[in-house]
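Undergrad: got a predicted model here, sequence first, then my questions.
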Amino acid sequence: MSKRVRKAIFPVGGLGTRFLPATKSMPKEMLPVVDKPLIQYAVEEARAAGIEEFIFVTGRGKSAIEDHFDFSYELDRVLSERGRVKDVQQIKALLPQPGDIAYVRQQEPLGLGHAVWCARNLVDNEPFAVLLADDLVLASKPCLSQLTAAYTGGNLVAAMEVPPDQVSRYGVLDVAGNEGNLIKVKGIVEKPAPKDAPSNLCVIGRYVLDPSVFDHLARLQRGAGGEIQLTDALAAMVGQVPFHGYRFEGTRFDCGDKVGFFEANVAFALERPDLGESVRSVIQRYAKKK
């Protein structure tokens, strides 16, 4: 089986209730960080890692995502008529090639594992990536590119250390050994209490997975929170295929959290040559008021 990773799954079926009322009629994945929606950052990261096929697992009310990655004749015409060539080129650049993008519906929000399982027939028998748009990583080398460069087979997950009192928010790795940034894993626990956590090394929303994970997800067993957890399937595969974590380089922002989303906007704006100086001045002005 080829170790090249060509396909990526984007689970985008969640309701985004933590961002109500903004997400009442707009998918949370379409919330903008500076001037690009979260899902576009994820797709661009996947494309930079060599992904060729983009699979979106959607739910009700997610048509804005499909529209975003589709051609808009009206907008193209208006921009062209106004001579906004740069804007036309920028919009066309984000569009996948015809046939490179697919959508499958997750009828019920039964968890991340269930969302990934819904895409099984589109992945087939080859390794694949999973990207959660809520997790935004600012890095000189995109996070998924770091993972695909390190991938040699089995399951590989992006990992970072978190304060011990925050481990109950994550899947937590049970570490068997370290080889630089690569971590040999002997187990994984979903959202443990701090006293029960095997470490404070936690999984964030970037995965490169062996297709045999679908055999375990097909059991549709409920785990933490009454949902079908991807981490439970990965735990069941320990000893069957290699399992590693990867300490990625970069800063991760939890854009499923309001403060994390705000911080991401500040950090990404400061990195922009066209915005950084102005944004820094605004921050300093408000800091002085404090």
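TA: That came through, no problem.
Undergrad: now do the helices in the stretch 51-200 of the chain.
TA: All helices of the stretch 51-200 of the chain, identified by DSSP state H, counting those that start in this stretch, fall at 63-68, 73-81, 85-93, 112-118, 120-123, 143-150.
Undergrad: which one of those lies nearest to Asp274?
TA: Checking the helices of the stretch 51-200 of the chain against Asp274 by Cβ to Cβ gives helix 85-93 as the closest, at 12.2 Å. Any C-beta I mention is one placed from the backbone N, CA and C, and that applies to glycine too.
Undergrad: quick one: contacts of the closest one?
TA: With Cβ atoms under 8 Å, 6 or more residues apart in numbering as the test, helix 85-93 has contacts from Phe71, Ser72, Leu75, Asp76, Leu79, Ser80.
Undergrad: which of those has the most neighbours?
TA: Comparing those by number of neighbours (other Cβ atoms under 10 Å), Leu79 comes first, having 18 neighbours.
Undergrad: for Tyr103, see how far away that one is.
TA: 26 Å (Cβ to Cβ, to the nearest Å).
Undergrad: Arg18 too?
TA: 24 Å.
Undergrad: sorry, back to before: between the contacts of helix 85-93, which is closest to Asn155?
TA: For these, the nearest to Asn155 is Phe71 (36.4 Å; Cβ to Cβ).
Undergrad: how about that closest one: what's its closest non-neighbour residue?
TA: Leu95 (6.3 Å; Cβ to Cβ, 6 or more residues apart in numbering).
Undergrad: residues in contact with the one you found?
TA: Counted by Cβ under 8 Å, 6+ apart, Leu95 has contacts Phe69, Asp70, Phe71.
Undergrad: and if you look at Asn265?
TA: Residues in contact with Asn265 (Cβ under 8 Å, 6+ apart) are Val33, Val34.
Undergrad: coming back round to it: from the contacts of Leu95, which is closest to Gly260?
TA: Nearest to Gly260 among the contacts of Leu95 is Phe69, at 24.7 Å by Cβ to Cβ.
Undergrad: got a list of what the closest one touches?
TA: Neighbour list for Phe69: Val43, Leu94, Leu95, Pro96, Ile101 [criterion: Cβ under 8 Å, 6+ apart].
Undergrad: ok, so what distance separates the spatially most central residue of the chain from Val5?
TA: The centroid of the chain falls nearest to Leu132 when counting by Cα atoms, centre = their mean (2.1 Å). Distance from Leu132 to Val5, counting by Cβ to Cβ: 16 Å.
Undergrad: before we move on, the earlier item: could you dump the contacts of Phe69 to JSON lines with distance to Ala149 and pLDDT?
TA: As requested, those are arranged in JSON lines below (distance: Cβ to Cβ, whole Å; pLDDT from 0 to 100):
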{"residue": "Val43", "distance to Ala149": "19", "pLDDT": "95"}
{"residue": "Leu94", "distance to Ala149": "24", "pLDDT": "77"}
{"residue": "Leu95", "distance to Ala149": "26", "pLDDT": "82"}
{"residue": "Pro96", "distance to Ala149": "23", "pLDDT": "80"}
{"residue": "Ile101", "distance to Ala149": "24", "pLDDT": "92"}
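Undergrad: what residues are bridge-paired with Ile188?
TA: Beta-bridge partners for Ile188, by DSSP bridges, are Leu173.
Undergrad: renumber starting at 312 from here on
TA: Renumbered: residue one is now 312, and that last one reads Ile499.
Undergrad: so it sits against Gly482, correct?
TA: Yes: when contacts are counted by Cβ atoms under 8 Å, Ile499 is listed as touching Gly482 (5.5 Å).
Undergrad: which one of those two has more residues nearby?
TA: Ile499 (29 against 23).
Undergrad: what stretches of the stretch 312-461 of the chain score poorly on pLDDT?
TA: Along the stretch 312-461 of the chain, segments meeting pLDDT under 70 span 312-313.
Undergrad: tell me the buried residues in stretch 487-499?
TA: In terms of neighbour count (16 or more other Cβ atoms under 10 Å), stretch 487-499 has its buried residues at Leu493, Ile494, Val496, Gly498, Ile499.
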